[in-house]
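K.L.:
here are the coordinates; sequence isn't available:
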């Protein structure tokens with residue numbers, strides 16, 4: 001399994017440096033030197049995304065097949081990046097404008113959860129995109145109350161982690177359309193990041209409140225025990241960052 005993701009401006013805690021950390025050792029990397037990607041087709045700031053298997057994107061993203069779909073800040077616009085042709089194109093607009101949503105892919109669809117709406121409140125909406133038909137659909141639910149949170153897919157379910165200074169884990173079953181609350185994390189985490197490795201979810205960093213502090217730890221969710229467990233500390237506190245699995249290593253920065 002390979003992939004790359006990251007935010008536009010990762011933040012670190014007091015006294016730390018903006019290096020990438022490696023699960024076992026420091027790995028300073030200049031991301032922009034790795035890829036020669038074509039710029040976005042507009043200058044708008046992108047706030048969430050979904051990544052397909054052969055795509056690479058320097059934004060919070062998850063995978064689907066053939067291209068990367070990005071949702072721009074508080075507009076209906078969505079764009080897709082083709083990794084073969086190195087071109088961006090505009091796709092069908094979202095039904096509801098949001099920013100700071102959680103995005104992931106499951107079962108061949110892009111899912112965009114919650115975020116912030118035009119009124120500056122939690123959007124309370126789940127939007128899904130089918131690339132084959134270039135169409136979006138949406139449902140509204142009071143169970144969707146996340147912003148500034150990551151989403152990951154595991155075992156056919158989607159997990160939305162923390163956000164809005166919360167410990168909550170929200171679980172969505174795309175096959176049944178069910179949304180339920182999962183076990184709470186050990187820490188409230190906003191602006192955290194997450195990845196899946198060997199059948200477990202890893203949540204890294206984040207901040208616990210508007211006043212801080214930034215978290216310098218990570219925790220893992222094991223679906224076989226339905227519980228979160230704290231792991232060893234990160235090299236530095238970190239938030240507004242990306243997280244990725246490359247082979248058997250978790251990297252973030």
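P.N.:
Noted; the coordinates are in hand. Bear in mind the structure is a predicted one, so any value in this text is a computation, not a measurement.

K.L.:
got a list of what residue 222 touches?
P.N.:
Each residue near residue 222 by C-beta atoms under 8 Å, 6 or more residues apart in numbering is listed here: 199, 200, 229. Backbone N, C-alpha and C define where each C-beta goes, glycine included.

K.L.:
which of those residues tops the neighbour count?
P.N.:
residue 200 (14 neighbours; other C-beta atoms under 10 Å).

K.L.:
which ones among the contacts of residue 222 are found in helices?
P.N.:
Among those, no residue falls in helices (DSSP state H).

K.L.:
With pLDDT as new columns, can these be given to me in JSON lines?
P.N.:
Formatted as JSON lines, those follow (pLDDT from 0 to 100):
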{"residue": "199", "pLDDT": "97"}
{"residue": "200", "pLDDT": "97"}
{"residue": "229", "pLDDT": "98"}
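
K.L.:
want to try a markdown table for these, with distance to residue 212 as columns?
P.N.:
A markdown table is the format used below for the contacts of residue 222 (distance: C-beta to C-beta, whole Å):
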| residue | distance to residue 212 |
| --- | --- |
| 199 | 33 |
| 200 | 28 |
| 229 | 24 |
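
K.L.:
which one of those sits closest to residue 152?
P.N.:
residue 200 (10.4 Å; C-beta to C-beta).

K.L.:
In the stretch 1-150 of the chain, what residue spans correspond to strands?
P.N.:
11-12, 21-22, 46-51, 67-72, 78-82, 87-91, 102-106, 109-113, 125-130, 135-140 (DSSP state E, counting those that start in this stretch).

K.L.:
Among those, which one carries the weakest average confidence?
P.N.:
Ranked by mean pLDDT, the strands of the stretch 1-150 of the chain bottom out at strand 21-22, with a mean of 38.

K.L.:
Just want the most central residue of this structure.
P.N.:
residue 150 (3.8 Å; C-alpha atoms, centre = their mean).

K.L.:
Wait, that residue touches residue 190, no?
P.N.:
No. Counting by C-beta atoms under 8 Å, residue 150 sits too far from residue 190 to count as a contact (10.5 Å).

K.L.:
and for those two, which residues touch both?
P.N.:
With C-beta under 8 Å, 6+ apart as the test, residue 150 and residue 190 both reach residue 162.

K.L.:
residue ranges for the strands of the stretch 151-253 of the chain, please.
P.N.:
Using DSSP E, counting those that start in this stretch, strands in the stretch 151-253 of the chain cover 151-154, 157-161, 169-173, 178-181, 193-197, 200-204, 218-222, 227-230, 238-239, 243-246, 249-252.
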